[in-house]
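Peer 1: Provided below are the primary sequence and the corresponding predicted coordinates.
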Amino acid sequence: MWYNSNVNLNWGGFLRNLRNRLLTAVMAAVMVLPSISAFGDIFILTDEVRATFAGRTNANQLIRNATFDDLSFAWPAEAVVRGVALGAIHGEDNSFRPNDNVTRQEALNTVMRAMGQSGAAAERGAAVSGAFDSAQTMLNNGYSALAIEQEVIPADFNLFGQATRQEVAFIVYNAVIAHSDGHFRPDAALTYIHRFNDWRDISSDYLMAVENVVAASIMNGSDMNFMPRDNVTRGQMAQILSNLDTIFMNIHGLERRLGTVVGIRDAEVAQTAQVSSWQNIYVRVGDGTVDILRREAVISPAAQVNNLDAVVFRAGNVGGLNSLVDGDTIEYFVHTEDGTVWYVNVLHSAINDTTDGRLFSLDVSDMTISLLYGERGDGHRVFTMVDGLISIIDGTPHLLMDGVRYPVANLPYGQTVRLYLRNNVVVGVAFVGSEVLTEEFRGLVVENNPAFGYMVIIDQAGNRRVMRYFQNEMMVQRISHWDRQMQVSYINQLFPSFAFNPLATTIAAIEPGDIVFVRPDVDDASIIAQISAVSNYIMRYGRVVNIVHHENHISLLFEQENGQTAWFEMANNAFITREGRRISPLSIQVGDWARLLVNEAILAPGHTMSSIIEMAIEGDARHITNIVRGNLTGINIIQNTMSIEHAQQLSQVGWVNFNYVGQLNLASNNITYYYNNRRITRDEALRQFGRGGAMVYIAMENHFAGERVAMVSFRSQREERLPSDTVVASANGEFWLAQNMAQSIATDSGTIVRRNGRLVSGLEIMPGDFASVVLSGAGMAAVVDITSAPDTSALQIMRVRVTQVWDGSSFRVSSMSQLFGNNWVFTPIEREFTIDTRTIFMPIGGERSIDNFITYTEDSVFDQVFTVVTDGARAAYVVEQPFANRAIRGTLVSNVVDGQETFMLRNVLVQNPVTNQWNPLSNINNTIMVTIDDTTLIGRNNAIVQPRDLQAGDDVLIMMEAAALSTVPADGAAGTATARIILVD
Amino acid sequence: MRKIKLGIFFAITVLMVLGLSSVAYARVGQIGFFGGITEGVALPLTTETLLTQPNTGNAGNFTARDLVYKEMLWLAGGMPVEFEGLIDIIVANGRGRGASEDAGTRQVRYIVRPSAMTADGVSLTRNVLFDVNWRRVGGQIIETYNVASWVETQVINGQTFTLDFSRSSHQISVIRDITPGVTYYRGDVSMQAIFANVDGPVTHYVIGEIYGFESAWAATETHRLNGIVAAGDWQMQYQVVPSVAVSKELQYSENEPTLISFFGNYREITHNQSGLNFVINVMPNIFYGQPTMGRVTISNFNRFEQLIAPNLTVFMGHPAFQDVRRLYAMEIITTPPSHFPLNQAIHRAEFMKMLALAIKLPVDDALLNPPAPRGNRPVQVNLVFPDLWPNRGDYAYLRAINDAGIAIGRGDGLFHPDLPITREEAYVITLRSLGLSNLGLDIPITPFVDNYAINAWAVNDINAATRIGLIAPDENGNLYPQEFLTRAQAAALINRLLEYMRHELLRDYTENIVNFMN
């Protein structure tokens, strides 16, 4: 037999579960594990229950019997199920065949069953039948015998063939008379039958029966005819039984009730040797009381299962009590004496409705919301809310409206709201608002085409709206990202205003990605009358990986912090800054870290367009400060440090600053580890190369919280350091140095390449770069450190004689000598230089304000000679110092720090002023102690720098006056010199 | 809420306490308001959060011991001098107004003094008391610091500068926005301090901004301060950006012995970083040659704690093993491994409980253990959703999630705790837990090809989550918003959220501010 799988599978799981629980709970004390659901009605569990009705033991059988595959939603379905549930209809197989005609025997059997005679009929049938009769024949015999005995049919009633309508009426009439008093009146006047045109066709024997069944609405005619001799279908027969209703219930002691399912609660009790599990369905009856319909399963130790359930007809399906749902309005048949429920019919499930009104008040203690209706507010209705709509946050009640919780005190009282009702209980609230005065809509621009005068906007409902416009007949304003703080009042929309409106612009300024409010034209809604836009940009942070310069724009390959790389287009005139100062796009370098202001416009689902609006480049905040080598000894995972033994730092003169153990900070989240060309993990590095085994090279980067590791590279080959040299060619990460053009040097992914402070790949090594290379094995670079080649040729240093000063603005000189290399070239030409507050004026004695550069008082500079460093026609430095025309060269032995007054040079060469030859100062100790002071000018990379910028290994040219150079003492002690100008080359 | 008629009932009043506890959470001013840095206040370790928190510091000393403090001293002009000393921050609770505590006062005192590490010839002693007035509007708190008393002396290279309090003023006002997982704040500082010196008075003007956030996994505070120092014959303009950040990281390590009942475990490490950058924009010529920028850092000692080591052999080798193992270690997944099949759908309630544990959403203890019914008397309950009953084992977490506005039920008025969560729902509530819905776009267009499948209510938060990089289209541009998540995917998503809080969010408040002078 076909059955409703849903119902039965549920039972199956339910019981299996129960059995499992039984096994584990045999010795347990009483334990309640409730799970509950309820619809709104929160008192349902606490109100007194008037009656509890359990299901019946045969319900499972009935549910299966009532499940016919040819019945769903056919009109008699409910009647058939009800007939089965109440025992009047027996299903024989999985089809009911509702359109087949009923036989006289079937009609009799069915009516007799409805009268509760099935048990008696079975007994009687067995008594009157022969031993070889079939079960069905025995039953038929029983019903017939009983019917004759109870005067339901006369003894000569022909039980063969199909039943007619009048015969069915006759059987029903007699059966009811036989079993229940007061329903039919044998003495009734024949009035109802006269309504039928064909009443004369009714046999006289059946007239009273038809009169009574029609009067009781058990059978009806159609089109003013009773058609007494027509056949009756099985479906019609079921409906006739269903119409017996009250008669039937009287006979069986049943009561019919109406109510609403408001709560379902599962519970389970495990006791010693028995588990029972039930599901209570709480029904709020029409009169306000509560009934419980209970589905129950009990399992005893012998695994005997006792199920109590009832037949439920819901939306065309047959099921058990567990098919009931919160909010169902039901009729149900209960046996009040033995406390059982026989049948439940779901009349309708929850009724959903909405109502719009003006929000009047909210009563949190009562969970009610009230609305006003009508112009004068005379309609006032109060609705109960489900609890979920109100919650208490931080001590104040909030109402859930449109999915957001709003404080009750700040609700839009007086404005229209829409309540969503379920069985008249509020389950949702939505804001509607007040009268709309201006038609406007909000949206996102996906295309703007001023040339053709249209714009495509996605509005808030997701519609793609093509709006036309006439550039000269519309108002446009747009808030750009730099205008966000601007206050522009809307008052100019109300009264004429002639003030500057900084937001007014033209339609061409509106970009895809802008969020706009559009007011369409009153006469033509497809034309824009006013539009107000705001840019919708976002910051992106990351590193420049590649730059391609085009004629009018730049393409930047940008690697974001999450590792994602993307090409961005940027106009040549985009706003670009470095450390807050505006720069040209040509100054962007690969490896720069930058903050991009990006317009990431969504043009269509799955299609976005990014363009750079602004770019801010960091200073040296993430530059590679140091390159360290050594052997890895361990990693402190708690304090996040890496220990390197025999640690040394790379400098111009090689590896310096030896430490037995160096501690390096590992705080960065994106440190990369390499072994030769292969990327490895930190743990692999620690396991493979801890305690030596490979040389490790580490690039350290700047960080506001202290220098930390950026890249770690292990190398297994012998190291060799090449002197700094110029790259003459490069291709695909290979490059050639000027001093050994035969041998190329390769880079791999583990090569640390620092280019002007930035960590870059080997592909970024360019001809002209000045590189210091550490090789690991032949032709493979472990470290490439690129700096700009030392150059001071652009530095303009001259000696001038002052003839006139215009205080604070400029001065004139009568003649000048300019320093080229180590030669002063005299030009007898008058020139004028401007000065400003940033010009450094250093007379002997240390005054530094240009205010004192005057041609009066005892400090007059008239006819005095100064060394001037110029920046075009502007004097950047005006320094009083002797004429420094002797030159020496040498190499710095160590770095110089601020405040240091002397430093040592080695490999000193002294220029013979007569022959211009460079000769070593000494063959024994070719060093010299150089003295500097505030007025010493130090030039490096075409700029004046400070003593702290002098580094060990720098080759310098020093200019001094002839008297400042001491001869070398014979005992080999160092010579001394006082430097006036130092140029690093 | 409806009146309770009889029986045992659940207390609802506790919700108020939740809000207050998050007030105590964010500690604005952990580096003072003078352009200096401390080593930062460590986030409490897990065990400490279970005990009475020593560091919550609503009242009393901010921290158990004085913090190392560094500040640049500007008054002598030129390159500032670095001061290293100690700072003690003492908070005294004042009064609150009304039971709902929507306004109140407290006092904060900053005491700076030299320490053994202070350099010769340099000294800073400062004792400043701020009266703090605050009010709360919804989930936002406005706090204003007014200086009540201020004593300060600086010694820079032998020169002494003494504050004239009668002519000095200092004010800070801060707005804090409390979202479910993160409390964000922004403040503004304005200071005018006049110091007496033998060469005449020196005035120090500072104006600047404070940005910060605090969550269970990371906290940071960064100031961008612009200062002008004006002496009789010179003036200087500078910018200083001090920043402290704390994050909790996980470190796994395997055990050395083989014969041990667990393979290895995670350690939770509170990782502090603090430093300041400064740039002198205008350096008078009399200080010619001095550097115009610099950095100062305080090295930190990272505190740590062991995390539990559950037996997860059933997951070994699964691609999501690491994610799952981390969440087990952090006690975010609490279900036994045998009941956490990674290939099955995760239900709404299960995901939400994980999320609540992940962001350490305050949970009402009273709801964790609902009272048992006595005899036959029924338990009286207040329902927030008809299908969300207080005797659910995970009720307290679901309530916390709901009260925080992270998940508000499906549109039918029900919570559906035991239905599989859709990806769309998971992404939206993950984003909401960060409180960053404002970065979204509520117009129903997203960068996803299957935009049509995204429900209208989810569009804004899906756009926000995409924008901040929490989610991204797959290689075909799809999001699959209506598909369900497996537990493995859910674990990965929660881990992603935590990584986001630890790293991306933190970076936006530290490097992304400090590295860009403006």
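Peer 2: Perfect, thanks for sending it. Small disclaimer: the values here were computed from a predicted structure and weren't measured. Numbers count the residues shown, from 1 in each chain, chains lettered A, B, ... in the order given.
Peer 1: Next, report how far stretch A:459-479 is displaced from the centre of its chain.
Peer 2: With CA atoms, centre = their mean, to the nearest Å as the basis, stretch A:459-479 stands 29 Å off its chain's centre.
Peer 1: got the contact list for it?
Peer 2: With CB atoms under 8 Å, 6 or more residues apart in numbering or on different chains as the test, stretch A:459-479 has contacts from A:441-443, A:446, A:450, A:453-458, A:486, A:488, A:501, A:503-507, A:509-510, A:514, A:518, A:520, A:526-535, B:442-445, B:456. Bear in mind the C-beta positions are built from the backbone N, C-alpha and C, glycine included.
Peer 1: now stretch A:730-743
Peer 2: A:722-723, A:725-729, A:744-748, A:761-763, A:765-767, A:769, A:771, A:773, A:778-779, A:784.
Peer 1: One more: stretch A:176-185?
Peer 2: So stretch A:176-185 is contacted by A:115-116, A:150-152, A:173, A:186, A:212, A:216, A:244, A:247, A:250-251 (CB under 8 Å, 6+ apart).
Peer 1: In the stretch 551-700 of chain A, mark out all the helices, start to finish.
Peer 2: Remark: helices assigned in the stretch 551-700 of chain A by DSSP state H, counting those that start in this stretch are A:682-689.
Peer 1: which residues sit in contact with A:L795?
Peer 2: A:869, A:939, A:942-944, A:983.
Peer 1: can you rerun that using 7 Å?
Peer 2: A:L795 makes contacts with A:869, A:939, A:942, as judged by CB atoms under 7 Å, 6 or more residues apart in numbering or on different chains.
Peer 1: How about A:Q911?
Peer 2: A:822, A:887-888, A:918.
Peer 1: Report the buried members of those.
Peer 2: Among the contacts of A:Q911, those classed as buried by 16 or more other CB atoms under 10 Å in any protein chain shown are A:822, A:887-888.
Peer 1: low-confidence ranges in the stretch 301-450 of chain B?
Peer 2: Applying pLDDT under 70 to the stretch 301-450 of chain B flags the ranges B:369-384, B:386, B:413.
Peer 1: which stretches of it form strands?
Peer 2: Secondary structure of the stretch 301-450 of chain B (DSSP state E, counting those that start in this stretch): strands located at B:303-306.
Peer 1: The stretch 151-300 of chain B too?
Peer 2: With DSSP E, counting those that start in this stretch as the criterion, the stretch 151-300 of chain B has strands at B:159-163, B:169-178, B:182-196, B:202-215, B:218-230, B:235-254, B:264-282, B:293-298.
Peer 1: Buried deepest among those strands, which one?
Peer 2: Among these, strand B:218-230 has the highest mean neighbour count (mean count of other CB atoms under 10 Å in any protein chain shown), at a mean of 23.
Peer 1: Direction included, what does that one pair up with?
Peer 2: Using DSSP bridges, strand B:218-230 pairs in its sheet with strand B:202-215 (antiparallel), strand B:235-254 (antiparallel).
Peer 1: Contacts only, for the nearest residue to B:Y509 once chain neighbours are set aside.
Peer 2: Leaving out its chain neighbours, the residue that sits closest to B:Y509 by CB to CB, 6 or more residues apart in numbering or on different chains is B:T220, at 4.5 Å. Contacts of B:T220 were listed using CB under 7 Å, 6+ apart, and they are B:212-213, B:243-245, B:506, B:509-510.
Peer 1: Quick one: distance of the lengthiest strand in chain A to the chain centre.
Peer 2: Criterion DSSP state E: the longest strand present in chain A is strand A:254-271. Taking CA atoms, centre = their mean, one finds strand A:254-271 lying 42 Å from the centre of the chain it belongs to.
Peer 1: Could you list the contact residues of the stretch 401-518 of chain B toward chain A?
Peer 2: B:403, B:405, B:408-409, B:413, B:441-449, B:451, B:457, B:467, B:469, B:473, B:477, B:503, B:507, B:510-512, B:514-518 (CB under 7 Å from any CB of the partner chain).
Peer 1: Inside helices: which ones of those residues?
Peer 2: Secondary structure from DSSP state H places B:403, B:467, B:507, B:511-512, B:514 of those in helices.
Peer 1: circling back to that earlier point, ok, of the residues of the stretch 401-518 of chain B next to chain A, which come out buried?
Peer 2: By neighbour count, with 16+ other CB under 10 Å, these hold B:403, B:405, B:408-409, B:413, B:441-449, B:451, B:457, B:467, B:473, B:477, B:503, B:507, B:510-512, B:514-517 as buried.
Peer 1: Would you write a PyMOL line that selects the buried entries of the contacts of stretch A:730-743?
Peer 2: This is how PyMOL selects the buried members of the contacts of stretch A:730-743, with burial counted by 16+ other CB under 10 Å:
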select buried, chain A and resi 722+725+727+745+746+747+748+761+762+763+765+769+771+773+784
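Peer 1: Could I get the contacting residues of A:E901?
Peer 2: Contacts of A:E901 were listed using CB under 7 Å, 6+ apart, and they are A:931-932.
Peer 1: let me fix that: A:A409
Peer 2: With CB under 7 Å, 6+ apart as the criterion, no residue contacts A:A409.
Peer 1: would you say it is within a strand?
Peer 2: No - counting by DSSP: H, G, I helix; E, B strand; the rest coil, one finds A:A409 to be helix, located in no strand.
Peer 1: Look up how far A:S749 lies from B:R186.
Peer 2: According to CB to CB, to the nearest Å, B:R186 stands 42 Å off from A:S749.
Peer 1: Give me the phi and psi for the residue in the stretch 451-600 of chain A that chain B sits nearest to.
Peer 2: Per CB to the nearest CB, A:G462 is where the stretch 451-600 of chain A lies closest to chain B, at 3.6 Å. Torsion angles at A:G462 (phi, psi; degrees, to the nearest 10) stand at phi 90, psi 10.
Peer 1: Spatially nearest residue to A:V408 (excluding sequence neighbours)?
Peer 2: Closest residue to A:V408 apart from its sequence neighbours, by CB to CB, 6+ apart: A:P397 at 4.6 Å.
Peer 1: Parallel or antiparallel, list what pairs with the one helix or strand the one you found maps to.
Peer 2: Assessed by DSSP states H and E, A:P397 sits inside strand A:396-401. Strand A:396-401 has its sheet partners listed here by DSSP bridges as strand A:390-393 (antiparallel), strand A:404-407 (antiparallel).
Peer 1: Could you export that strand as PDB, CA atoms only?
Peer 2: The C-alpha trace of strand A:396-401 is given here as PDB (Å, rounded to 0.1, in the frame of the first residue of the first chain):
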ATOM      1  CA  THR A 396      15.800  50.600  26.300                       C
ATOM      2  CA  PRO A 397      13.200  48.900  24.300                       C
ATOM      3  CA  HIS A 398      13.700  48.700  20.500                       C
ATOM      4  CA  LEU A 399      11.200  47.900  17.800                       C
ATOM      5  CA  LEU A 400      12.300  45.800  14.800                       C
ATOM      6  CA  MET A 401      11.200  47.700  11.700                       C
END
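Peer 1: And the average pLDDT for it is what?
Peer 2: Computed over strand A:396-401, the mean pLDDT rounds to 86.
Peer 1: roughly how far is that strand from the heart of the chain?
Peer 2: Relative to its parent chain, strand A:396-401 has a centroid offset of 25 Å by CA atoms, centre = their mean.
Peer 1: Can you tell me which of the strands paired with strand B:218-230 is nearest to A:H646?
Peer 2: When those are compared for distance to A:H646 using CB to CB, the nearest one is strand B:235-254, at 26.4 Å.
Peer 1: any chance of the strands of the stretch 151-300 of chain B in TSV, with mean pLDDT too?
Peer 2: Output for those, formatted as TSV (pLDDT from 0 to 100):
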stretch	mean pLDDT
strand B:159-163	95
strand B:169-178	94
strand B:182-196	95
strand B:202-215	94
strand B:218-230	94
strand B:235-254	91
strand B:264-282	91
strand B:293-298	91
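Peer 1: how about TSV for those strands, with distance to A:I292 added?
Peer 2: TSV is the format used below for the strands of the stretch 151-300 of chain B (distance: least, CB to CB, whole Å):
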stretch	distance to A:I292
strand B:159-163	78
strand B:169-178	45
strand B:182-196	48
strand B:202-215	48
strand B:218-230	53
strand B:235-254	52
strand B:264-282	51
strand B:293-298	69
